[in-house]
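>>> Got a predicted structure here, sequence first:
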Amino acid sequence: MPELSIGSALAAARGRIPASEARMFLCRLLGIGAAQVAAYPERGLSTEQSSHYAAWVERRGAGEPMAYILGEREFYGRRFKVSPAVLIPRPETELIVDLVRERIGSRGAPRILDLGTGSGALAVTLALEIPEARVTAVDLSPAALAVAHGNAASLGAEVRFIESDWFAAVDATGFDFIVSNPPYIADEDPHLNIGDVRFEPRTALASGPAGLDDLRRIVREAPAFLAPGGWLLMEHGYDQAAMVRDLLVSSGFQEVASALDLAGIERTSYGCRP
């Protein structure tokens with residue numbers, strides 16, 4: 001791969017990937033900001049940098065998510081390492097953190113359980129935003145837990161991790177909060193074959209014919225692990241809020257409601273154990 005300049009690198013990517021993403025690659029490779037990329041088109045890339053850049057453009061042009069190529073994604077103002085073993089953290093999931101913080105009340109050291117932790121974004125963020133919290137996070141995938149462990153260590157969060165199929169290996173009860181961003185897409189949903197989702201782990205996305213299998217299981221089993229007055233909060237699909245509220249009511253939860261994400265979509269539903 002011949003050495004490139006910033007200007008020629010941007011030109012080479014034109015028509016293959018968005019210009020903003022090409023600039024992001026250059027910022028990462030050169031350790032500079034977007035303003036410097038714009039100001040110094042003549043600046044050269046080394047042979048190694050040129051090769052990395054070409055490979056990244058090729059991968060992105062084939063549809064691979066930026067987060068997997070760069071190996072990280074921001075969540076709640078922090079950078080989390082990600083890999084194809086985990087779902088890419090999304091801004092709408094930050095809503096769960098906000099809802100938990102609103103409900104801490106007088107709980108001095110809340111016990112929090114994160115089901116299907118993936119990258120650890122929720123568990124680590126909650127541990128850092130609520131320093132007195134005692135956070136446990138579970139995932140069925142050892143590869144995902146390795147990513148989550150790494151994020152907790154690099155960000156300085158104290159989180160207990162357990163390999164578990166939802167509640168199966170959870171050895172404690174009396175949690176004040178159970179949170180989850182579980183799989184909630186229908187198995188045959190065509191969106192599973194479009195865009196970034198194609199590259200993410202299917203087990204973190206799809207959940208039965210209606211996308212409700214894992215949500216049903218969590219709602220059914222959660223009361224046994226919640227303290228009286230404890231909350232269950234779950235992310236779900238854009239059109240599933242009413243169904244999830246029904247599940248919560250049927251399982252005896254009170255104060256059942258749904259919260260809107262920044263796009264105005266009912267994205268998280270929750271209820272309190274009486």
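Okay, I see it.
>>> Could you use CA atoms for every contact and neighbour count after this?
Noted.
>>> Locate residue 105 within the secondary structure: which element?
Under DSSP states H and E, no helix or strand contains residue 105.
>>> Now residue 266. Nearest residue, chain neighbours left out?
Nearest non-adjacent residue to residue 266, counting by Cα to Cα, 6 or more residues apart in numbering: residue 260, 4.4 Å away.
>>> residues contacting the one you found?
The contact partners of residue 260, by Cα atoms under 8 Å, 6 or more residues apart in numbering, come to 266-268.
>>> now, which of the residues you listed sits nearest residue 61?
Among these, residue 267 lies closest to residue 61 (Cα to Cα), at 30.3 Å.
>>> where does that closest one land in three-state SS?
strand (DSSP: H, G, I helix; E, B strand; the rest coil).
>>> That one is in contact with residue 261, isn't it?
Yes. With contact taken as Cα atoms under 8 Å, residue 267 and residue 261 are classed as touching, separated by 5.8 Å.
>>> overlap in contacts of the two?
residue 92.
>>> who's more crowded, these two?
residue 267 (23 against 17; other Cα atoms under 10 Å).
>>> Now do the contacts for that one.
By Cα under 8 Å, 6+ apart, the residues touching residue 267 are 92, 235-238, 241, 258-261.
>>> mind checking pLDDT for the residue nearest to residue 266?
pLDDT for residue 260: 97.
>>> Can you report phi and psi for it?
Phi and psi for residue 260, reported as degrees, to the nearest 10, are phi -90, psi 140.
>>> what's the spacing between it and residue 249?
19 Å (Cα to Cα, to the nearest Å).
>>> now swap in residue 93 and tell me
Taken as Cα to Cα, the span from residue 93 to residue 249 is 23 Å.
>>> Could you pull out the buried residues of stretch 117-133?
Buried residues in stretch 117-133, counted by 16 or more other Cα atoms under 10 Å: 117-128, 130, 133.
>>> Could you do stretch 38-56 as well?
In stretch 38-56, counting by 16+ other Cα under 10 Å, buried: 44-45, 49-54, 56.
>>> of all those residues, which comes closest to residue 175?
Distance to residue 175 across the buried residues of stretch 38-56 (Cα to Cα) is lowest for residue 56, with 43.2 Å.
>>> I'd like to know the phi and psi angles of the nearest residue to the closest one once chain neighbours are set aside, please.
Leaving aside its sequence neighbours, residue 56 sits nearest to residue 69 (Cα to Cα, 6+ apart; 6.7 Å). Backbone torsions for residue 69, taken as degrees, to the nearest 10, come to phi -70, psi -50.
>>> Please give the number of neighbouring residues around residue 69.
Number of residues near residue 69 (other Cα under 10 Å) recorded here: 17.
>>> For the contacts of residue 267, which two are the farthest from each other?
By the measure Cα to Cα, 92 and 241 form the most distant pair in the contacts of residue 267, at 14.3 Å.
>>> How far does stretch 11-20 stretch from one end to the other?
Stretch 11-20 end-to-end distance (Cα to Cα) = 12 Å.
>>> buried residues in that stretch?
By neighbour count on 16+ other Cα under 10 Å, the buried set for stretch 11-20 is 13, 17.
>>> contact partners of it?
Contacts of stretch 11-20 (Cα under 8 Å, 6+ apart): 10, 22, 57, 60-61.
>>> which of the residues you listed are buried?
Buried residues within these, defined by neighbour count using 16+ other Cα under 10 Å: 10, 22, 57, 60.
>>> now these as a markdown table including distance to residue 110, pLDDT and secondary structure?
As requested, the buried ones among the contacts of stretch 11-20 are exported to a markdown table (distance: Cα to Cα, whole Å; pLDDT from 0 to 100; DSSP: H, G, I helix; E, B strand; the rest coil):
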| residue | distance to residue 110 | pLDDT | secondary structure |
| --- | --- | --- | --- |
| 10 | 50 | 95 | helix |
| 22 | 43 | 96 | helix |
| 57 | 45 | 96 | helix |
| 60 | 42 | 95 | helix |
